[in-house]
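S.K.: show me how the following folds:
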Amino acid sequence: MMITRDMYRASMLLSAAGDALGYRNQRWEYCTSGPQIHQELLELGGLQNIWVQLPNWPVSDDTVLHLATAEALAEGEAMDALWPNMAGRYVEAMKDMEGRKPGPTSILGTSQLRPGEANGHRIPFNPTATGCGAAMRAMCIGLRYPHPSELEHLICVSVESGRMTHHHPTGYLGAVASALFTAYAVQRKPLVEWGAGLMTTLPLVQDYVRAVGVDVEANLSSWTYFTEKWAWYLEERGLSNGVGPPRFPPVYSPAERDDIYKTFSLDGWAGRSGHDAPMIAYDALLGADDSWEELCSRSMFHAGDSDSTGVIAGACFGILHGLTGVPEGNYQNLEYRTRIDAAADRLYDLAWGKVRM
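M.R.: Residues are numbered from 1 along each chain as shown. As a prediction, the model looks like this:
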């Protein structure tokens, strides 16, 4: 199947839509009840009746930082030039955070970046940088490096971009997962194989971290949580070997999902961390098939970091299914729509200008 420019646009658009819907101008990101969110959605008239646009439906820090990553990659620069460009864009993006609720680790990390200096993209190892701030902005890396032959580039950019704010494996391995899953969507890799594919990729990521030689001991000493939690999740779903179908709980309504998503989490706030934001997005994709409404129900409307899980799930869904079945109002008037389309087009040209699948 030929991958088209429209698929790339759908990926970036539905990522931002998933962010804005899950965020609902702070109201739903911080809601502690999935059933309450679903009830409020019903009172709004459902997804068909929602026009995601300012002032009521802004994008959060997730999309602002995802755009910063995408626009840095869109320059098409070699790695040495990419790092200061990306770091500079992250610093600049933090000036656009009024009402967007950036996480404390992203705020701290960007404050430590020095884009104009040698190695100014590197910040110290942070034993508490386990959040999802790296994962939520990395999907476009999979759009830029979607080919299996480019896995080394995907790993390198995911790790280095992630460590610019989240210098801890639980944080930046989330960026690897988000980028890898988006690349898998482009490759049309069966969904049931994605988690197992991540597990076979993680040793390659560790090899990269060793080879680069930055805070290796600290990174390796904190490595196991991400890998063990993903191994546990894949066992729960019966997907350890990458063979489906996935095994879901017999009852998996919004209330049950709230409880089960907490078991994915590091500290009880589902989707907050680098390991479980892509995990919930993946779980939602496995259960939604080609239904945007079901994807939203599972990935954006739950008692957790619902914009961060939605931004990842939306990106993968857009590549897999395009805009088919998505209410026009959910994406037509998105904040930063022009920038989103332009970044998608440029990433498509860079990824597919000389290569055809």
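S.K.: for the rest of this, base every contact and every neighbour count on C-alpha atoms.
M.R.: Fine.
S.K.: got the contact list for the helix or strand hosting E293?
M.R.: Per DSSP states H and E: E293 is located in helix 292-299. Identification of contacts with helix 292-299 by CA atoms under 8 Å, 6 or more residues apart in numbering yields 18, 38, 47, 254, 257, 280-281, 284-285, 287-288, 306, 309-310, 313, 317, 325-326.
S.K.: now, those residues that are in helices?
M.R.: 18, 38, 254, 257, 280-281, 284-285, 287-288, 306, 309-310, 313, 317 (DSSP state H).
S.K.: what's near enough to touch G142?
M.R.: By CA under 8 Å, 6+ apart, the contact list for G142 reads 154, 178-184.
S.K.: let's see it at 6 Å
M.R.: If a contact means CA atoms under 6 Å, 6 or more residues apart in numbering, then G142 has 179-180, 182-183 as its contacts.
S.K.: quick check: pLDDT value at it.
M.R.: At G142, the model reports a pLDDT of 98.
S.K.: SS state for it?
M.R.: Following DSSP: H, G, I helix; E, B strand; the rest coil, we place G142 in the helix state.
S.K.: tell me the contacts of L347?
M.R.: By CA under 6 Å, 6+ apart, the contact list for L347 reads 74, 144.
S.K.: swap in 10 Å and give it another go.
M.R.: Going by CA atoms under 10 Å, 6 or more residues apart in numbering, L347 touches 5, 8-9, 70-71, 73-76, 140-145, 341, 353.
S.K.: helix or strand right after whichever strand or helix holds L173?
M.R.: Using DSSP H and E, the secondary-structure element containing L173 is helix 169-187. As assigned by DSSP H and E, the chain's next helix or strand after helix 169-187 is helix 194-212.
S.K.: which helix or strand contains the closest residue to C140 other than its chain neighbours?
M.R.: Of all residues not flanking C140 in the chain, A70 sits nearest, at 5.7 Å (CA to CA, 6 or more residues apart in numbering). Mapping A70 onto the secondary structure by DSSP H and E places it in helix 61-73.
S.K.: next one, pLDDT for G353 please.
M.R.: 89.
S.K.: hang on, the earlier thing: how far away from the center of its chain is the helix holding E293?
M.R.: Relative to the mean C-alpha coordinate of its chain, helix 292-299 is positioned 16 Å out (CA atoms, centre = their mean, to the nearest Å).
S.K.: list the buried residues in it.
M.R.: Of all the residues in helix 292-299, those buried under the rule 16 or more other CA atoms under 10 Å are 292, 294-299.
S.K.: over to stretch 328-340?
M.R.: Applying 16+ other CA under 10 Å to stretch 328-340 flags 328-331, 333-337, 340 as buried.
S.K.: and P246, that one's in a strand?
M.R.: No. P246 sits outside any strand when classified using three-state DSSP, being coil.
S.K.: just give the nearest non-adjacent residue to it, would you?
M.R.: In this structure, P246 finds its nearest non-sequential neighbour in R237, 5.2 Å apart by CA to CA, 6+ apart.
S.K.: counting neighbours, what do you get for the one you found?
M.R.: Look at R237: counted by other CA atoms under 10 Å, it has 17 neighbours.
S.K.: list the buried ones in the one helix or strand F226 maps to?
M.R.: Assessed by DSSP H and E, F226 sits inside helix 224-236. With burial defined by 16+ other CA under 10 Å, the residues of helix 224-236 counted as buried are 226-227, 229-231, 233-234.
S.K.: how about the contacts made by the residue nearest to P246?
M.R.: With CA under 10 Å, 6+ apart, R237 has these contacts: 192, 244-249, 283, 286.
S.K.: returning to what we had before: closest to R24 out of the buried residues of helix 292-299?
M.R.: Nearest to R24, judged by CA to CA, of the buried residues of helix 292-299 is C296 at 12.7 Å.
S.K.: nothing else from me, thank you.
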